[in-house]
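J.: Sequence first, then the predicted structure:
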Amino acid sequence: METLSYAARTDKGPVRPENQDAVLAEPPVFLVADGIGGQAGGGLASRAIVEEFQTLAGRELDVETVSAAVRAAHQRVLALHAEMPGAGSTLCAVVAVHVDGEDRWMVLNVGDSRCYLVHDDVHEDGTRRMVSQVTVDHSLVQELIDAGVLDPADAEGMPLRNVITRAMGSEQESEADVRWLPVVPGQRLMLCTDGLVNAVPMTEIEGVLIGRTETEPACQTLLDLALGYGARDNVSVVVVDVQDGR
């Protein structure tokens, strides 16, 4: 496994009275969770998810072990939802999993927290650093975009942009989407809750991620940008760099 450099930040932001987000950065597991359904319920839900995934830290993992953690986290939030109606959480995680003799990133998401990948893109005129969104939001806005009803450029001004269609703890729909990435030296991964992307223009986020700044200052800069823009939600960011450890 290549060496990983990583950092995590979370803040309640300048508007919210309490931080309902939770983060985890303990190799091989990196995660953000955005609690929903009220201050107490949302915070408990996001922390329950982190607690379940924390049991995976420091271990060599396979797909079934990670999938079992997702199911266990959902059951804990579902039980919480029964006691505190409306309680739930998003989930976005990247977990290094050993598959067919090699390490791969297992990317999981439920809701509208996101994973981005910074990678080299080869063109005829040279190699460029690019930022690509790996996950697809489970949200009303994304459904309208997928249906061709809404132009992505108009999504930022949508009053219902925070309405999600899938959440951990939901009895209707809570299944995690799973995507796979190779673990490649030079990669940078960024996980965030919507408090970041709803506050900071994507061009500025990309500028920080593409910069050669180490993970700690990159993570702090993204948080500072969100706070500077007056983020109206909690903000959580995790940045992971893959280095060549051989």
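T.: Yep, it's here. Just so you know, these numbers come straight off a predicted model, no measurement behind them.
J.: for stretch 33-48, the distance to its chain's centre please.
T.: Centre-to-centre, stretch 33-48 and its host chain are 15 Å apart (Cα atoms, centre = their mean, to the nearest Å).
J.: got the buried residues for it?
T.: 33-38, 41-48 (16 or more other Cβ atoms under 10 Å). Backbone N, C-alpha and C define where each C-beta goes, glycine included.
J.: In strands only, show me these.
T.: 33-36 (DSSP state E).
J.: pLDDT and distance to residue 244 added to those, as CSV?
T.: As requested, those are arranged in CSV below (pLDDT from 0 to 100; distance: Cβ to Cβ, whole Å):
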residue, pLDDT, distance to residue 244
33, 98, 30
34, 97, 33
35, 96, 37
36, 92, 39
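J.: Need these in CSV (columns: distance to residue 96).
T.: Putting those into CSV (distance: Cβ to Cβ, whole Å) gives the following:
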residue, distance to residue 96
33, 19
34, 23
35, 25
36, 28
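J.: Among those, which one lies nearest to residue 74?
T.: residue 33 (11.9 Å; Cβ to Cβ).
J.: for the closest one, which residues make a bridge with it?
T.: Counting by DSSP bridges, residue 33 is bridged to residue 22.
J.: Provide a list of residues in contact with it.
T.: 21-23, 45-47, 49-50, 89-92, 113, 168, 193 (Cβ atoms under 8 Å, 6 or more residues apart in numbering).
J.: out of the residues you listed, which is most surrounded?
T.: residue 89 (36 neighbours; other Cβ atoms under 10 Å).
J.: show me the residues around the residue nearest to it when sequence neighbours are not counted that make contact.
T.: Here the nearest residue to residue 89 in space, its sequence neighbours aside, is residue 45; by Cβ to Cβ, 6 or more residues apart in numbering that works out to 4.0 Å. For residue 45, the contacting residues are 33, 35-37, 77, 80-81, 87-89, 168-169, by Cβ under 8 Å, 6+ apart.
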